[in-house]
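Student: any chance you could fold what I've pasted below:
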Amino acid sequence: MSNFTPSSTAEMVFSNAETKQLLVDILQHNISFPSNGRNTLLLYGSFGSGKTTYANIFFNEYEKSYNGSTALVENVFVDGSEGIAKTIDRLNNIASLIPFNHSNKHYFLFDEVDGYKTVQQQRLKSWMNREHIVCVMTTNHIQRIDKGLRSRCFEVEFNASTNMYDYVQRMKQIIQQYKMPMLSDESLYQIAERGKGDWRDICSSLQRVCSGVVDKPPTKPKLTIVS
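Tutor: Here you go, the predicted structure:
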């Protein structure tokens, strides 16, 4: 299933056209980022919708937009097990280094940031007051994120798309790329509807159904002998 992981913004299925356009505008520098106190994308939505997957895609494409290569990302897993003071010290040490890339920025991925308590999030908010960093935060529970922290972010919805056609088109691309038996549109729509935006479920179902659609010798019709 990991082979089906998207590798670009173009291959992602977003919840709506406005979400995709926001990300494209940032990547094409139509929107200044980071600037005006915002240096973070807050990806929020249901489980399995591709938030963490897209975080790495965004970092890489953003760095390449400066004629650079793949971005070096510091993954900061936020689950509350580490004290915020220790986390801030670690982040400061990384951010104080000179980045050896074209963008001259450091990249940070805060996964499941709702794992920190409000006071811890507020400490993190203060650390984010700098312009030479690019951050992505993910959460399944946006209501648990401190409002001050959210004000420093572009909020990007990662819930199921209401347009099943987007999922069908993406599944067709996957089928063609990996030379699997093509399914009917009806079957693909059924997989998309059952998956409800969870790509783990969708990809698993797609692989399973395609595995059962193999070329088999046609069954010979029974001969009816008329006396």
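Student: wait, Leu91 sits on Asn75?
Tutor: No: when contacts are counted by C-beta atoms under 8 Å, Leu91 is not listed as touching Asn75 (11.9 Å). C-beta here means a position set from N, CA and C on the backbone, and glycine is covered the same way.
Student: more neighbours, those two?
Tutor: When neighbours are counted by other C-beta atoms under 10 Å, Leu91 and Asn75 differ, and Leu91 comes out ahead with 20 against 12.
Student: low-confidence stretches in this protein?
Tutor: Low-confidence segments of the chain (pLDDT under 70): 1-3, 77-81, 214-227.
Student: residue nearest the centroid of it?
Tutor: Tyr54 (2.5 Å; C-alpha atoms, centre = their mean).
Student: for stretch 200-219, buried residues please.
Tutor: Across stretch 200-219, burial judged by 16 or more other C-beta atoms under 10 Å covers 202-203, 205-206, 209-210.
Student: what sits closest to the residue nearest to the centre of the chain if chain neighbours are left out?
Tutor: Met12 (5.9 Å; C-beta to C-beta, 6 or more residues apart in numbering).
Student: wait, Asn159 sits on Ser49?
Tutor: Yes: contact criterion C-beta under 8 Å: Asn159 and Ser49 qualify, at 6.3 Å.
Student: out of the two, which sits in the more crowded spot?
Tutor: More crowded of Asn159 and Ser49, by other C-beta under 10 Å: Ser49, with 27 against 15.
Student: returning to what we had before: quick one: the residue nearest to the centre of the chain from Gly148, how far?
Tutor: 24 Å (C-beta to C-beta, to the nearest Å).
Student: go on, Thr87?
Tutor: From Thr87 to Gly148 the distance is 17 Å (C-beta to C-beta).
Student: looking at these two, which is more packed in?
Tutor: Neighbour tally, Thr87 and Gly148, criterion other C-beta under 10 Å: the higher count belongs to Thr87, 19 against 14.
Student: just list the residues touching the residue nearest to the more buried one when sequence neighbours are not counted, thanks.
Tutor: Nearest in space to Thr87, with sequence neighbours left out and distances taken as C-beta to C-beta, 6+ apart, is Val76 at 7.0 Å. The contact partners of Val76, by C-beta atoms under 8 Å, 6 or more residues apart in numbering, come to 87, 90-91, 108-111.
Student: tell me, how many residues neighbour the closest residue to Asp146 other than its chain neighbours?
Tutor: Sequence neighbours aside, Gln121 is the residue nearest to Asp146 in space, at 4.1 Å (criterion: C-beta to C-beta, 6+ apart). Gln121 has 22 neighbouring residues, counting by other C-beta under 10 Å.
Student: and the contacts of the host helix or strand of Gln121?
Tutor: Per DSSP states H and E, Gln121 falls inside helix 118-127. The contact list for helix 118-127 (C-beta under 8 Å, 6+ apart) reads 80, 84-85, 87-88, 91-92, 110, 113, 116, 145-146, 148-149, 152.
Student: list only buried entries from those.
Tutor: For those, a burial check counting by 16+ other C-beta under 10 Å picks out 84, 87, 91, 110, 113, 116, 145-146, 149, 152.
Student: in strands, which of those residues appear?
Tutor: Phe110 (DSSP state E).
Student: now do the helices in the protein.
Tutor: 17-27, 51-64, 84-95, 118-127, 147-150, 164-177, 185-195, 199-212 (DSSP state H).
Student: export the ones you listed to a markdown table and tack on distance to Thr138?
Tutor: Below are these laid out as a markdown table (distance: least, C-beta to C-beta, whole Å):
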| stretch | distance to Thr138 |
| --- | --- |
| helix 17-27 | 14 |
| helix 51-64 | 4 |
| helix 84-95 | 16 |
| helix 118-127 | 14 |
| helix 147-150 | 13 |
| helix 164-177 | 21 |
| helix 185-195 | 19 |
| helix 199-212 | 14 |
